[in-house]
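>>> sequence? don't have it. structure:
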């Protein structure tokens, strides 16, 4: 898996872009690179863009390990951006695992809806659904 990080300190957000095959070794290596990034702050929210992932080679046990050892502090928001149903299911499963470790993970199909959730601490499921519907009607 290839990963690229952009740390936006002004918005207190980390953008993670992944492509290729997703393996636990790649995730652990990416975490290591991120944790030594000078601009990294474990209290920043994250937008993890999974749209470039072509293959998933991770077991349920490995997902549990990943959830249990996050580089982020409990309570930050992590938005996973997906396009395929398989990635949607994987990210939702990960979100359920991560919840028991204090992480807040939601999965989105639209970038603007994910950004809204990360930016608006008062965003409710109803407002997110309304934003997603507007985006779908506009072809986004």
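Received it, and whenever you're ready, just let me know what you need. Source: prediction; values computed, not measured.
>>> residues touching residue 7, list them.
Residue 7 makes contacts with 13-15, 37, 39-41, 44, as judged by C-beta atoms under 8 Å, 6 or more residues apart in numbering. To be clear about C-beta, it is placed using only N, CA and C from the backbone, and glycine gets the same treatment.
>>> do residue 74 as well
Taking C-beta under 8 Å, 6+ apart as the definition of contact, the neighbours of residue 74 are 101-103.
>>> Also residue 4?
Residues touching residue 4, when contacts are defined by C-beta under 8 Å, 6+ apart, comprise 16-17.
>>> just residue 67 next, same as before
For residue 67, the contact set (C-beta under 8 Å, 6+ apart) comprises 94, 97-98, 100-101, 103.
>>> Filter those down to the buried ones.
Of all the contacts of residue 67 considered here, the ones buried according to neighbour count by 16 or more other C-beta atoms under 10 Å are 94, 97-98, 103.
>>> what's the lowest-pLDDT member of the residues you listed?
By predicted confidence (pLDDT), the lowest-ranked of these is residue 103, with 91.
>>> ok, that residue to residue 54 distance?
When C-beta to C-beta, to the nearest Å is the yardstick, residue 103 and residue 54 sit 25 Å from each other.
>>> where are the low-confidence patches of this structure?
Residues of the chain that meet the criterion pLDDT under 70 lie in 1, 121-140.
>>> mind checking the longest helix of it?
Within the chain, and with DSSP state H defining each element, the longest helix by residue count is helix 85-99.
>>> longest strand anywhere in this structure?
When the chain is scanned for its longest strand (criterion: DSSP state E), the result is strand 45-57.
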